[in-house]
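Visitor: have a look; sequence and predicted model below, questions after that.
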Amino acid sequence: MKHGIAVLIILTITVFFSSCVGVPAPEDIPADLSPMEYFQRAQEAVAQRNDYDTAMVYYQTFKERFPEDLQENVEADYEIAFLHYKKGEYTAAKAMFNEIIARYETEQASRLKEWPLILSRKVLAKIETLEVLTEAE
């Protein structure tokens, strides 16, 4: 009986630590990455491991380290919002997509690529459709 409890405790600890190891802390991300490398590592986390949380950390860290890069920050925000959508976190996704859309109503809009706006509107419409369908049930 004691042996079984010890094994259970060891397994629990192992699972806990293995789940914590996967997502890097922002300070663990090398400071010398190029902007493209943040996006590449985030995309690899999703494509290779379906690791949305790690991808979000890379995008968020990029935003913190390159706040002056308006275009790339909008793109990072779109990716974070889309990851919230993929995780089923529709409230967070909606808020972020609406923030992205609002940026295109400012004087900075002319400096931004159109695709984050277009895709934000499309995914936002999907979320709103899902919410209507859910309410109807």
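Guide: Ah, there it is. Note that the structure is predicted; figures quoted are calculated from it, not measured.
Visitor: same for the helix ranked longest in the chain, what does it pack against?
Guide: With secondary structure taken from DSSP state H, the chain has its longest helix at helix 115-136. Other elements packing on helix 115-136 under the criterion 3 or more Cβ pairs under 8 Å, 6 or more residues apart in numbering; DSSP states H and E are helix 70-86, helix 90-103. For every residue, glycine as well, the C-beta is placed using N, CA and C.
Visitor: and those helices as a markdown table, adding distance to Pro116 and mean pLDDT?
Guide: As requested, these are exported to a markdown table (distance: least, Cβ to Cβ, whole Å; pLDDT from 0 to 100):
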| stretch | distance to Pro116 | mean pLDDT |
| --- | --- | --- |
| helix 70-86 | 4 | 98 |
| helix 90-103 | 6 | 98 |
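Visitor: return the most buried member of these.
Guide: Counting by mean count of other Cβ atoms under 10 Å, helix 70-86 has the highest mean neighbour count of those, with a mean of 20.
Visitor: just the CA atoms of that helix, as PDB, please.
Guide: C-alpha atoms of helix 70-86 as PDB (Å, rounded to 0.1, in the frame of the first residue of the first chain):
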ATOM      1  CA  LEU A  70       3.600  48.800 -35.000                       C
ATOM      2  CA  GLN A  71       3.100  46.500 -38.000                       C
ATOM      3  CA  GLU A  72       4.600  43.400 -36.300                       C
ATOM      4  CA  ASN A  73       2.800  44.200 -33.100                       C
ATOM      5  CA  VAL A  74      -0.600  44.100 -34.900                       C
ATOM      6  CA  GLU A  75       0.500  40.800 -36.500                       C
ATOM      7  CA  ALA A  76       1.500  39.400 -33.100                       C
ATOM      8  CA  ASP A  77      -1.800  40.600 -31.600                       C
ATOM      9  CA  TYR A  78      -3.700  38.900 -34.400                       C
ATOM     10  CA  GLU A  79      -1.800  35.600 -33.800                       C
ATOM     11  CA  ILE A  80      -2.400  35.800 -30.000                       C
ATOM     12  CA  ALA A  81      -6.100  36.500 -30.700                       C
ATOM     13  CA  PHE A  82      -6.300  33.600 -33.100                       C
ATOM     14  CA  LEU A  83      -4.700  31.300 -30.600                       C
ATOM     15  CA  HIS A  84      -7.300  32.300 -28.000                       C
ATOM     16  CA  TYR A  85      -9.900  31.500 -30.700                       C
ATOM     17  CA  LYS A  86      -8.400  28.100 -31.300                       C
END
